[in-house]
Structure formats: C-alpha cells, structure tokens
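> All I have is the shape, not the residue letters:
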C-alpha cells in the first residue's frame, strides 16, 4: 500500500447566497495515493470546481477533514495555506495563466520566488530542469506571445513541477487546445506520472479520462462513480493514430 | 519571501510599462523640480537682500527722529526735529558698544561745475562716516575733524556725480564746484559701490562736514539721523538697546511715554525685507506642494488601474504561494520605486532649471540642501501613502475570484 497523498472524509462545502444555503459538496470521501493519475469528472454545477479549490488549498471546507501529505488543512490561516500551495501543490490552469512579456524561464521560476529557502542559483537551475523535462529546453527565453498554446501549457506544466509538489492539480488543462495538442499534453502528463508524480486532473471530456488510471465522477455535489481504469489508453499511441495534418 | 525578490518583481513591472510609468512619474518630477527651483529662487533673493544690506555696513545702527511707525506710508524723518547734536554727543560719551558714530544731516540740491550740473543729495557727516558705511576713497582724502569744527567748504563726490559734472574725465580732486550756489572744494572721490538690490544708486552722493551742511546749506540746528557702528555684528541688538536707553534718559521720557526716536540695526532691516521674500517663497512652495500632491494622486490612480489590470496575475501569484503580505509589498514597492525615481529625476530637473534661471534670467538662486532632502522625503512618503490603498486592495483579493477574473 503506497502513501496517501490526499485524504478526504465527509467533506462538505456550503455557500450562503442571501437567505439560501447552497450545498456545493455534500459529504465527499476519497483518498489519492502517491503515483496515481486521477481524473475528476462532472458536468458544470457538479461541484468539481469547488472540490478543486479545496484540494488546491484556495478554499476551506465547511466541515469534514482534508489532509494533504499528512497535514490537516482545516483551520489553517491564509498564510499557512499559501505556504502549502507553494510547497506541496502544482497548479495548471485552462488558460495557462503565464505572466505576459516575461520569459518562459522567469515564468517557471515564479513559485520559487515565494520560497525563501531556495537560492537564486538553485531557482534558476530547477527552472531549467523543469523546462527541459517538458521539452522546452531550447525556448527558455521566449515570452508567452512567442509560444503556441501547447507550448504555453508546457511552460505552465514546468511551472507546476518546479517546486517538486506532492501533487499536480490540473483544471481543464486541455480545454483550450485542439485534439492533437491535447493528446500531446496528455502524453506528457502520462510521462510525468510514470516518473511517479501524482496528478489530479479535472475535466469534463470523457476521452481525456481514458488516459488516467482512475476516474471520480461527481454529480450534484456527491460522488456517483469512482473506478480504476482497467484499460489505460496511451496518449502517445492515440496521437500516432490521428490523421496526419496538412500543413 | 526575500525583500530583494520583491524589489526585483516590482522593478520588472515598472520596466514592462516604461511609458506609463514615466507619465505617472511626471507629476512627481514636476512637483519636486518646482519645489527645489522655487526654494532656490526664494533663498537666492533672500541672500541677495542680505548681501546688499550687509554691504551697506552690517553693524550699522541708525537713529532717526520720530516714533517707530513702520509701514509703507511713513513720513520723512526730517519733519521731526527731536534729534539734536547734543543727543549725538551724549551717545558718543556714554555708549560702550559702539565703535564709530556720526551725526547725519542731508538735503537735496544741484551740483554745478561750469556748464555741467546734476541733481544729487548732500550728506553732512563726520570723518567716521566712511568706517560706518564701509566705503573707501578712490582718490583724495577725507576731511578732518578740524575741517568739521571750522565748517570748511569741502566735499567728497560719489562716482555718479563725478561722471555727470566732470564729463571730460578730468580729475575732480582740487577743483571747485558749487552746491546750490555755494562754492565747495572737491577733496576726494568715493569708491564705487554700484546699485543696491532696491535699485538705489549708492554713488549718487555728495559728502561734506555736517557742520557745513547744517549751517551753510540747510540752516538747521537739528539732525536728520545719527549713524553708528556696533563693535561687532553680534553686539548690534545690545547696542540698539543701549542707545535707546541713553536717548530716553536724555529726552527725559517717562515710563509711559513712547520713544520720540527710532533706533534700528541692519539686522532688523534685513528681517523686514526677508519676511517679504519669505512670504513669497511660502506661496511658491505651496503651489509646488500642490503639484506634488497631484503627482501622488496620479500614482494612486495608476496603481489602482494596475491592480485591476493584473488581477489575474495576482490570483496566479497567490495560487503558487504568494502571501497577501507579499502581494501588498510588491505593489507598495512598485509605488515607492515610481515615486522615488520620479523624485530623483525631479531633483535633477530642479537643479537643472535652477542653473538655467541663474544663467539666462540672471535671478539670484541658492539651492538649499534642505529643499532637496524635504522634497525627496515627501516623495517617499507620497509613494507609501498613495501606494498603500491600491496595494492593500490587491492583497485583499480572493485568489479564486482573482484567477477567474477576465
């Protein structure tokens, strides 16, 4: 049995809108082990964004427990949450969220700027390593506007890796990409997962889920399905099967 | 997070928006430059007044008849006849703080040499006058005490008078001239002093023994003025008090009586004129200060826009571990960097325009170090003050909302 990275128990989140209370999450329990590649699926309004915010320590549950890497997150201060985000989580967003007019290298360095334990030299070295890992070793000086969508998302992935997180949280990371580029990115995620990196991937596209090892399906704030994929598709193989594009 | 990193981040944000940053700075630049230039002009004119008055003799003390009724519509002291030769003698005898003293009688008249004539003023004094006014002789010599006693008809001329009544450039010493039809022998020419700050030609004078002027020209037995020189500049205020007491006793004034004379030192004169220029300086600085304030508001405005514009960036920074305090510091440092850089450029511009004013407008200027320090400090404070609210707004953003902001 490998180590539990994430442990949720009866997690609830309620929002008060005027006089009404909206139950966004109605008692969710699951664990993610080290090295898993989990896709979290659900239509809009299913509560997956709320769950993602809580998993990412951007939000706190109303009740229930959430532990990340053995650390209970409940009742932590804003600054303590910021530190957990900085040291334990790598974020990847649908719209990449890179800093404009800033080189790929500096974008990747960003999380380490907020970690005073990392020296300037180490920061640079780790950022270069991360960029090489995502295959952008030759484009470190490019700014986002000089990169394609797929490349920008690779920079974002490198940024999520640079702080050596216990888990990468991806929010519709392929949502803005065409099928070919999505598969390229998924192939990269699979590669990273093979190296032992834990990934939680929020998506609403069923075909993306087939690349992961486990899928959790949410509906109306509850888990309706949680299953291991028996047949994990290889994104690299799928990519090869796509019709060749004319350039 | 280390401060150095924050400064780097803020610096980068400024570099990325060069034009906007420069425009933001403009208010501060102009404000600081204006403060420095205005203060330099103010200080310069104050100093020039001081120099002028000092050149007339900084230890000088004057005693005039009549009450002290300072103001623009003061009547001529000559109308009052309360100052006498006896007063002069008593002061001279009793005072301890005065090194030179002379009675002064003066009047206007025509200086005539053959067909040339020139309207001027004649001052009847004793030989100590030269020491009091700190003026030397170009040629010839001063009259003696003996000549004073005998009311000799001898005069010394100022350069302006010489230029007008001896236009051919001949040496006036030893020549005869007439002042209001009375013949005088020219025995010396005064050193040139030029115009003073008030535009008065200090060389347009004729000097003669006071006895001569009293008896032969004005036919009076009182004095228009007594001029004296304190032992040192520091002793001048004390000397004023002493002379006042001597004269009050001499004039037999009771405790309730007002002085029927006015004793004044140059120091007082300086402060009278300085206060006028000080008032002007305050006004100028107030105007400059307002522009500095507007510059600060400009910074606040741009910082607000910047926070709004970079909401998503702030969200990202928070998501990857930036604390609220990190974000606050980032924007605060940015504001301070803008204002301090603006201040620095303002100082340079201010010094530059001061040099320009001095060189091309020929206004006296004097850059005071305190004006640089003050305006620079105001800049830093402006940055903190006007950067604080936008920065706090940025720090208070909710990362979830900020990340989703479009």
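On my side now, so go ahead. From a predicted model like this one, the values you see are computed outputs, not experimental measurements. Residues are numbered from 1 along each chain as shown, chains lettered A, B, ... in the order given.

> for chain A, what are the nearby residues on chain B?
Contacts of chain B with chain A, taken as CB under 8 Å from any CB of the partner chain, map to B:1-2, B:5, B:9, B:12, B:16, B:312-313, B:315-326, B:399-400, B:403. Backbone N, C-alpha and C define where each C-beta goes, glycine included.

> Select only the buried ones of those residues in ChimeraX?
Selection command for ChimeraX covering only the buried members of the residues of chain B next to chain A, criterion 16 or more other CB atoms under 10 Å in any protein chain shown:
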select /B:1,5,9,312,313,315,316,317,318,319,320,321,322,323,324,326,399,400,403
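
> and residue A:19, how many neighbours?
By other CB atoms under 10 Å in any protein chain shown, the residues close to residue A:19 number 5.

> So for it, what's the pLDDT?
pLDDT recorded at residue A:19 is 89.

> Check residue B:5 too.
81.

> what about the helices in the stretch 301-406 of chain B?
Assigned by DSSP state H, counting those that start in this stretch, the stretch 301-406 of chain B shows helices spanning B:311-319, B:324-356, B:369-395, B:399-404.

> Likewise for chain A?
For chain A, applying DSSP state H gives helices covering A:48-55, A:78-88, A:104-113, A:120-133, A:149-161, A:179-194, A:206-209, A:235-241.

> These into CSV, with extra columns for mean pLDDT, distance to residue A:34 and mean neighbour count?
Shown next, in CSV, are those (pLDDT from 0 to 100; distance: least, CB to CB, whole Å; neighbours: other CB atoms under 10 Å in any protein chain shown):
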stretch, mean pLDDT, distance to residue A:34, mean neighbour count
helix A:48-55, 91, 15, 22
helix A:78-88, 92, 12, 19
helix A:104-113, 93, 21, 24
helix A:120-133, 93, 19, 17
helix A:149-161, 94, 16, 24
helix A:179-194, 92, 11, 20
helix A:206-209, 89, 20, 18
helix A:235-241, 87, 21, 14
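
> between those helices, which one is nearest to chain B?
In terms of CB to the nearest CB, the element of the helices of chain A nearest to chain B is helix A:78-88, at 2.3 Å.

> Run through the neighbouring helices and strands of the closest one.
helix B:311-319, helix B:324-356 (3 or more CB pairs under 8 Å, 6 or more residues apart in numbering or on different chains; DSSP states H and E).

> Report the angle between the first one and helix B:369-395.
It stands for helix B:311-319. 80 degrees (axes from the mean of the first three to the mean of the last three CA atoms, to 10 degrees).

> who does helix B:311-319 touch, helix- and strand-wise?
Checked by 3+ CB pairs under 8 Å, 6+ apart, helix B:311-319 has helix A:78-88, helix B:324-356, helix B:399-404 packed alongside it.

> same deal with the last one?
Where contact means 3+ CB pairs under 8 Å, 6+ apart, helix B:324-356 is packed against helix A:78-88, helix B:3-16, helix B:18-55, helix B:266-309, helix B:311-319, helix B:369-395.

> Near chain B, which residues of chain A? Just list them.
Counting by CB under 8 Å from any CB, chain A sits next to chain B at A:53, A:56, A:58-59, A:78-79, A:82-83, A:85-87, A:91, A:93, A:97, A:99, A:101-102, A:110-111, A:113-116, A:159, A:163.

> ranking the helices and strands packed on helix A:78-88 by burial, who's on top?
Mean neighbour count (mean count of other CB atoms under 10 Å in any protein chain shown) peaks for helix B:311-319 among the helices and strands packed on helix A:78-88, with a mean of 23.

> returning to what we had before: mind checking the helices of the stretch 301-406 of chain B for the one nearest to residue B:268?
helix B:369-395 (25.1 Å; CB to CB).

> which residues does the most centrally placed residue in chain A bridge with?
Compute the mean C-alpha point of chain A, and by CA atoms, centre = their mean the closest residue is residue A:169, 1.8 Å away. Assessed by DSSP bridges, residue A:169 has beta-bridge partners residue A:91, residue A:200.

> how close does it sit to residue A:88?
Separation of residue A:169 from residue A:88 (CB to CB, to the nearest Å) stands at 10 Å.

> Check residue B:307 too.
Counting by CB to CB, the gap from residue B:307 to residue A:88 is 28 Å.

> How about residue B:19?
From residue B:19 to residue A:88 the distance is 41 Å (CB to CB).

> burial count for residue B:290?
That count, for residue B:290 with other CB under 10 Å as the rule, works out to 12.

> So which of the helices and strands packed on helix A:78-88 is nearest residue A:39?
helix B:311-319 (20.6 Å).

> what sits up against the closest one?
Helix B:311-319 has contacts (CB atoms under 8 Å, 6 or more residues apart in numbering or on different chains) with A:56, A:58, A:82, A:85, A:91, A:93, A:97, A:99, A:110, A:114, B:307, B:322, B:324, B:326-327, B:330, B:394, B:397, B:399-406.

> Equivalent analysis for stretch B:347-365, please.
For stretch B:347-365, the surrounding residues in contact (CB under 8 Å, 6+ apart) are B:29-30, B:32-37, B:40-41, B:43-45, B:47-48, B:367, B:372, B:375-376.

> rerun at 10 Å
The contact list for stretch B:347-365 (CB atoms under 10 Å, 6 or more residues apart in numbering or on different chains) reads B:29-49, B:51, B:197, B:288, B:343, B:366-367, B:371-373, B:375-376, B:379.
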